[in-house]
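Participant: have a look at this fold, sequence not included:
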């Protein structure tokens, strides 16, 4: 049964048509992912479906009393933001349980009057309601969600106005998850999450019983969560069954079929027109006029369109040395250590993916390796003959006051100047060695002979068109560009220097899927070395020849690709489980030996045992302890703190064994009293 239906939706911002003839429905429990190139109107469609915007034409029907939870891309777009900023993430989430909090306060009031029979009866009824409504679980659920999204205990109790934009967005997402709306609508939810939080959210949404509608460019995420895909492109929405991988295959088949149908119709039209031209005035004129009439009535198929994509090419004619990065006793951070780095080497043509939670020090490590930050201890050395192309996550290399064409032109001129200086140094070296000038000189990538330093505007406009900046777009100021457009400018600049060592911090962030795929293909073909920070598992899987992971303040290097890293991590988790079982067995054996020693000390008899009341009190204490450990285990598991999970698992089993022993004592004492 559909809980939301859209019929004949059309939206235009004069004079531009955004989309038209859109017919969609959402059923209870469906998990839908909306995809499409940047700028096609995905966010506009979401806002129309949930009632924040009106369509130019068409209608949206929503089930009565339906509750829709909406998370925009940016926390600044949230309604009533001013009031929310004064609250902490914990307060936002506990407000959802207002009825439980009211019952809890009433119970505390009644606790002081339990000598009154009427108050005692009220307390019993209210306590039963409180327990059945989840009164003892709601705080655990809040902690689980907030910690799963990467909000620790400290930040959970700070006002939102003191948190970063990403932390605010995560807090608002946590609140929505706990509200459990009928339709959860998320616009690029993974943009502000690290890999650990994304994986947690995937698991949470997979088990989510209500409907989900999400805009995303994260292909792994859509593979795990989506059961239906909406593809918005060229003003229309196509619906596909299955997850992202199924959509890719179905879409390719659909496009191929439409191309074939269009080509067949074009052949038919050409053949018919030729027949009409040849026989319209001859003996077969009647037949020709009939065909001409049928041709006029023919419903012409639209030629299948192709989406615009960036045309990225990375080439370098300058070979780096074999050793690209070497670290010795390296410790990075600011006022305190963030990451302790083992002695490592990155060699030419290797591609290292750097992973870790937000705030773990990934960007700090990158900047230290590049020499932009001083290490707290040790050294990071760069190899010889490196031409470094650095793409910062914050796009800090861009001047917000520049126009697009000026920003890239200046980068082009700087690249040519560097090339000329490099050639001059090479010529001076050759002269010093007695070689004829020009002998063995290598042509530069961008400076050819005596080319002028000044870059012609036409040449630069052609270059920028490859990055989808056409017409007056090239005159936009950097500050007025969207996040994705700024990424494209930064990528354009990156290609100009002919780098042989790429250092990329979240390179696919804010790129649409088509551009992400081009980025992957280009980086796969790049003849050079790559160090990249990313949460894009498709990119990591496609590129990485080794994986660097920051965990609990230390860097660990996994040799091999991403799949090998996942397999190794699974083996480590299995080994941790086996170790926990071994320790549990060891604890049981030690308890048995201690009991044997007690019997031996008592001359083969047990010393005086505890009373029934003492055993019951001990059972109550152990049950409370197990509940506390269960909460801690949940939190540690969500945070993927595997060492802590192992330690808590051992302690949990020990308490469990002790509880079983006390229960056995209680049974024995009860039988003895009988």
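Facilitator: On my side now, so go ahead. Just so you know, these numbers come straight off a predicted model, no measurement behind them. Numbers count the residues shown, from 1 in each chain.
Participant: and the next helix or strand past the strand or helix carrying residue 169?
Facilitator: Taking DSSP states H and E as the criterion, residue 169 maps to helix 165-179. Once helix 165-179 ends, the next helix or strand along the chain (criterion: DSSP H and E) is strand 183-187.
Participant: quick one: contacts of that next one?
Facilitator: 3-4, 26, 42-43, 46, 49-50, 66-73, 173, 176-177, 205, 208, 210-216 (C-beta atoms under 8 Å, 6 or more residues apart in numbering). The way it works is simple: take the backbone N, C-alpha and C, and place the C-beta from them, glycine included.
Participant: could you rerun that using 6 Å?
Facilitator: Strand 183-187 is contacted by residues 43, 46, 50, 68-73, 211-215 when judged by C-beta atoms under 6 Å, 6 or more residues apart in numbering.
Participant: would TSV of these with secondary structure, pLDDT and neighbour count be doable?
Facilitator: TSV is the format used below for the contacts of strand 183-187 (DSSP: H, G, I helix; E, B strand; the rest coil; pLDDT from 0 to 100; neighbours: other C-beta atoms under 10 Å):
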residue	secondary structure	pLDDT	neighbour count
43	helix	93	18
46	helix	96	21
50	helix	95	18
68	strand	95	19
69	strand	95	21
70	strand	95	22
71	strand	93	22
72	coil	91	19
73	coil	84	18
211	strand	96	22
212	strand	97	23
213	strand	97	26
214	strand	97	24
215	strand	95	21
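Participant: domains in this structure, as residue ranges please.
Facilitator: 2-93+149-249, 256-297, 320-386+500-560, 404-498, 567-673 (automatic domain parsing).
Participant: with distance to residue 104 added, can I get the ones you listed in JSON lines?
Facilitator: Converted to JSON lines, the domains of the chain look like this (distance: least, C-beta to C-beta, whole Å):
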{"stretch": "domain 2-93+149-249", "distance to residue 104": "15"}
{"stretch": "domain 256-297", "distance to residue 104": "60"}
{"stretch": "domain 320-386+500-560", "distance to residue 104": "33"}
{"stretch": "domain 404-498", "distance to residue 104": "43"}
{"stretch": "domain 567-673", "distance to residue 104": "17"}
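Participant: check contacts around the residue nearest to the spatial centre of the chain.
Facilitator: In the chain, the C-alpha nearest the mean C-alpha coordinate belongs to residue 190, at 3.7 Å (C-alpha atoms, centre = their mean). The contact partners of residue 190, taken as C-beta under 6 Å, 6+ apart, are 198, 218, 221.
Participant: among those, which ones are buried?
Facilitator: Buried members of these, scored by 16 or more other C-beta atoms under 10 Å, are 198, 218, 221.
Participant: tell me who's in contact with the last one.
Facilitator: Think residue 221. Counting by C-beta under 6 Å, 6+ apart, residue 221 makes contact with 190, 202.
Participant: wasn't it part of a strand?
Facilitator: No - counting by DSSP: H, G, I helix; E, B strand; the rest coil, residue 221 is not found in a strand; it is helix.
Participant: worst-scoring helix or strand of the chain, pLDDT-wise?
Facilitator: Taking mean pLDDT, DSSP states H and E as the measure, the chain has helix 642-673 as its least confident helix or strand, at a mean of 69.
Participant: where does residue 379 fall, phi/psi-wise?
Facilitator: phi -140, psi 150 (degrees, to the nearest 10).
Participant: ok, now how distant is it from residue 130?
Facilitator: Here the criterion is C-beta to C-beta, to the nearest Å. By it, residue 379 lies 60 Å from residue 130.
Participant: looking at these two, which is more packed in?
Facilitator: A direct count of neighbours by other C-beta atoms under 10 Å for residue 379 and residue 130 places residue 130 higher, at 18 against 12.
Participant: surely the more buried one is in contact with residue 103?
Facilitator: Yes - with contact defined as C-beta atoms under 6 Å, residue 130 counts as touching residue 103 (4.8 Å).
Participant: could you identify the longest helix within the chain?
Facilitator: helix 562-601 (DSSP state H).
Participant: who are the packing partners of the helix or strand just after that one?
Facilitator: Counting by DSSP H and E, the next helix or strand C-terminal to helix 562-601 is helix 612-638. Packing contacts for helix 612-638, counted by 3 or more C-beta pairs under 6 Å, 6 or more residues apart in numbering; DSSP states H and E, involve helix 138-148, helix 642-673.
Participant: tell me how far helix 612-638 lies from the chain's centre.
Facilitator: Its chain's average C-alpha position is 36 Å from that of helix 612-638, according to C-alpha atoms, centre = their mean, to the nearest Å.
Participant: quick one: average pLDDT of that helix?
Facilitator: Throughout helix 612-638, pLDDT has a mean value of 73.
Participant: do the same with stretch 270-277
Facilitator: pLDDT averaged over stretch 270-277 gives 92.
Participant: again, but for stretch 463-475
Facilitator: 88.
Participant: check what contacts that stretch and list those residues.
Facilitator: Against stretch 463-475 from outside (C-beta under 6 Å, 6+ apart): 308, 310-311, 403-405, 461, 488, 492.
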